[in-house]
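**Q** Could you look at this predicted model? Sequence included:
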Amino acid sequence: MHSELNLLLILGFSFITLISPGPATLAIIATSMGQGRKQGLVMASGISTGSIIWNVSAALGLGVILAANPLFVDVFRYFASAYLLYLAYKNLRSALTANKKDQPKISKPTAYNVTFLKGLALHITNPKAILFFTALYSIGVPADAAFSDLAIVVICVALQGVLLLHIYALIFSIGKVVKVYISLKRWFETVFAAAFGFAGVKILLSDAI
């Protein structure tokens, strides 16, 4: 007899993690406000794809293997830290070189495939994603769960992630929000630079993420 699957508890844990401020949500917000709705949705799609990859990997047991291997975790940690520090540098440089006399403008959008790959790279190299999904399946899913139960968890968590991340992109691309961003572009980019820099340094210096 299989243990009962508490799907509400699993989705609750996932929901709290998704709405918590982090590199993924910051990247979506920055892209949506700075480059428009379509770019924000594409960024959200890239991050969602990375999330689905770790979701499926954890369900198959790969997350446990990766999390237990310090070398793999360190590789992902260095890549994630380097990319976040790069984002911090870009935002800080933009904030410092902005000319108050110039009319603020939304940044020139990049190619959609580039934006998608940036989102994918951001999440696929995030060691916290590995440990999150490992914890999700280790704690929230019974050891004797049937394949159908695992499939339900994978699908529900994936749909929840896709929905919430794209809602972020939609909200922060609303006209009034974008107007506020344009008028306070320098300050927003300074905040994003500080947030990305803090996250990058924290991941880099963390021995046990």
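**A** The structure has been received and is ready for your questions.
**Q** Show me the strands in the protein, by range?
**A** Counting by DSSP state E, the chain has no strands at all.
**Q** Can you list the residue ranges for helices in it?
**A** Counting by DSSP state H, the chain has these helices, from start to end: 7-19, 23-35, 37-59, 62-67, 70-97, 112-124, 127-139, 147-171, 175-183, 185-205.
**Q** Tabulate those helices (JSON lines), appending mean neighbour count.
**A** Bear in mind the C-beta positions are built from the backbone N, C-alpha and C, glycine included. Converted to JSON lines, the helices of the chain look like this (neighbours: other CB atoms under 10 Å):
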{"stretch": "helix 7-19", "mean neighbour count": "15"}
{"stretch": "helix 23-35", "mean neighbour count": "24"}
{"stretch": "helix 37-59", "mean neighbour count": "23"}
{"stretch": "helix 62-67", "mean neighbour count": "18"}
{"stretch": "helix 70-97", "mean neighbour count": "17"}
{"stretch": "helix 112-124", "mean neighbour count": "19"}
{"stretch": "helix 127-139", "mean neighbour count": "20"}
{"stretch": "helix 147-171", "mean neighbour count": "17"}
{"stretch": "helix 175-183", "mean neighbour count": "13"}
{"stretch": "helix 185-205", "mean neighbour count": "18"}
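**Q** Need those in JSON lines (columns: mean pLDDT).
**A** Shown next, in JSON lines, are the helices of the chain (pLDDT from 0 to 100):
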{"stretch": "helix 7-19", "mean pLDDT": "82"}
{"stretch": "helix 23-35", "mean pLDDT": "87"}
{"stretch": "helix 37-59", "mean pLDDT": "93"}
{"stretch": "helix 62-67", "mean pLDDT": "64"}
{"stretch": "helix 70-97", "mean pLDDT": "76"}
{"stretch": "helix 112-124", "mean pLDDT": "92"}
{"stretch": "helix 127-139", "mean pLDDT": "75"}
{"stretch": "helix 147-171", "mean pLDDT": "92"}
{"stretch": "helix 175-183", "mean pLDDT": "80"}
{"stretch": "helix 185-205", "mean pLDDT": "80"}
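**Q** if I look at the residue nearest in space to the middle of the chain, how far off is residue 84?
**A** For the chain, the residue sitting closest to the mean C-alpha position, by CA atoms, centre = their mean, is residue 24 at 2.3 Å. Distance, residue 24 to residue 84, by CB to CB, to the nearest Å: 11 Å.
**Q** Centre of the chain to stretch 199-206, how far?
**A** Mean-position distance between stretch 199-206 and its chain equals 15 Å (CA atoms, centre = their mean, to the nearest Å).
**Q** got the contact list for it?
**A** Residues outside stretch 199-206 that contact it (CB atoms under 8 Å, 6 or more residues apart in numbering) are 22-23, 26, 77-78, 80-85, 87-88, 126-128, 209.
**Q** can I get the CA coordinates of it in PDB?
**A** C-alpha atoms of stretch 199-206 as PDB (Å, rounded to 0.1, in the frame of the first residue of the first chain):
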ATOM      1  CA  ALA A 199      23.000  37.000  -4.500                       C
ATOM      2  CA  GLY A 200      26.200  36.300  -6.500                       C
ATOM      3  CA  VAL A 201      28.500  36.900  -3.600                       C
ATOM      4  CA  LYS A 202      26.300  34.900  -1.200                       C
ATOM      5  CA  ILE A 203      26.300  31.900  -3.600                       C
ATOM      6  CA  LEU A 204      30.000  32.200  -4.200                       C
ATOM      7  CA  LEU A 205      31.000  32.300  -0.500                       C
ATOM      8  CA  SER A 206      28.500  29.700   0.700                       C
END
